[in-house]
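Peer 1: Got a predicted model here, sequence first, then my questions.
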Amino acid sequence: MIQLQNLSKDFGTLRAVDSINFDINEGEILGFLGPNGAGKTTTLRMISCFLDPTAGNIHIGKYNVREHSLQIRKMIGYLPEHNPLYTEMTVYDYLQFIAEIREITNFKKRLKEVLEQCGLHGVIHKPINILSKGYKQRVGFAQAILHDPKILLLDEPTSGLDPNQIVEIRKLIKELGKEKTLLISSHILQEVQAVCDRIVIINEGRIVADGSTEELKSSFQNKTRLELELNASEKELKQMTDKLKNISINSITPKEDKYNLTELEYDSIADRRVDIYNYIKAKKWTLLEMHRVNVSLEAVFRNLTIEGGE
């Protein structure tokens, strides 16, 4: 459905997106994940034809952004991070205005369908400026799908919402995903994990991972993380890892009861728990707890965008 080929974007001497390649299949909900400033919004703006690529190309079906910008715009619904609404208008007037711009001929039919999908019946004649943040976001969704596009681009769709509003918007995204192809840009891990079929991670303008949540976790399974609670100092723990070799300290969190919560990491090729336990026993430290840490999407993300980027 969507194909990005060696896509790059420069702003003067700054390369915001650097030769990225990935495809989005028809009917897929793809999470585009990355830290702030990674190039997510710039990529979405190129796909939606708001920005011209510096190099490379984007194909959507049989069209490409360099030659068929108008055709592609008709196929896409776009909800930017900062939802651009005319807040002095009522919801009805705003959607009617969007329909006129989009040259939608069956406005009354589409309005009825969109109000139902976005849950806007109760506010249709209210000015947008008196609506809650959640309802304003729903109005943004309504304008994005009013022309019944095949593709939806959502940039940080739950930004600034409270927990109840986030749940409502996630439900709406899942419903829309049953009939459309969705690309959701976010830096919120829980958001992407809750609604997306597949995740692409971008860091410093480059793609660093592509796969399902489970596939990304599996790729990280060559490392074992071990959490210990014991009464050893940071200096003593460093001496232990130097002695045992190929074990690193990820973090040390002091506790009020003189115990440290320590996370160690080592290659999964060998189980080092016996070595670690025997060392602790020989030193006569008090060990309250030792357990493996389940690999999370957060651990993968940090490894790829912080640790891997250093």
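Peer 2: Here it is on my side, so go on. Numbering: from 1, shown residues only.
Peer 1: Of all the residues in the helix or strand containing residue 278, which ones are buried?
Peer 2: Secondary structure from DSSP states H and E places residue 278 in helix 273-283. Buried residues in helix 273-283, counted by 16 or more other C-beta atoms under 10 Å: 273, 275, 276, 279, 280. Quick note: C-beta positions are derived from backbone N, CA and C, even for glycine.
Peer 1: Closest one of the residues you listed to residue 98?
Peer 2: Distances from residue 98 to the buried residues of helix 273-283, taken as C-beta to C-beta, are shortest for residue 273 (60.1 Å).
Peer 1: and of the buried residues of helix 273-283, the nearest to residue 233?
Peer 2: residue 280 (13.1 Å).
Peer 1: Regarding residue 52, what is its secondary structure?
Peer 2: coil (DSSP: H, G, I helix; E, B strand; the rest coil).
Peer 1: sorry, back to before: alpha carbons of the helix holding residue 278, as CSV, please.
Peer 2: Output in CSV follows, covering the C-alpha atoms of helix 273-283 (Å, rounded to 0.1, in the frame of the first residue of the first chain):
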residue,chain,number,x,y,z
ARG,A,273,23.3,-16.9,38.0
VAL,A,274,25.3,-19.6,39.8
ASP,A,275,28.5,-17.6,39.3
ILE,A,276,26.9,-14.5,40.7
TYR,A,277,25.3,-16.4,43.6
ASN,A,278,28.5,-18.1,44.6
TYR,A,279,30.4,-14.8,44.6
ILE,A,280,27.8,-13.2,46.8
LYS,A,281,27.9,-16.2,49.2
ALA,A,282,31.7,-16.0,49.4
LYS,A,283,31.5,-12.3,50.2
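Peer 1: mind giving me a markdown table with the buried residues of helix 273-283 and columns for pLDDT and distance to residue 58?
Peer 2: Output for the buried residues of helix 273-283, formatted as a markdown table (pLDDT from 0 to 100; distance: C-beta to C-beta, whole Å):
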| residue | pLDDT | distance to residue 58 |
| --- | --- | --- |
| 273 | 93 | 49 |
| 275 | 94 | 51 |
| 276 | 95 | 50 |
| 279 | 95 | 55 |
| 280 | 95 | 55 |
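Peer 1: Switch those residues over to JSON lines; also include distance to residue 21.
Peer 2: Converted to JSON lines, the buried residues of helix 273-283 look like this (distance: C-beta to C-beta, whole Å):
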{"residue": "273", "distance to residue 21": "41"}
{"residue": "275", "distance to residue 21": "42"}
{"residue": "276", "distance to residue 21": "42"}
{"residue": "279", "distance to residue 21": "46"}
{"residue": "280", "distance to residue 21": "47"}
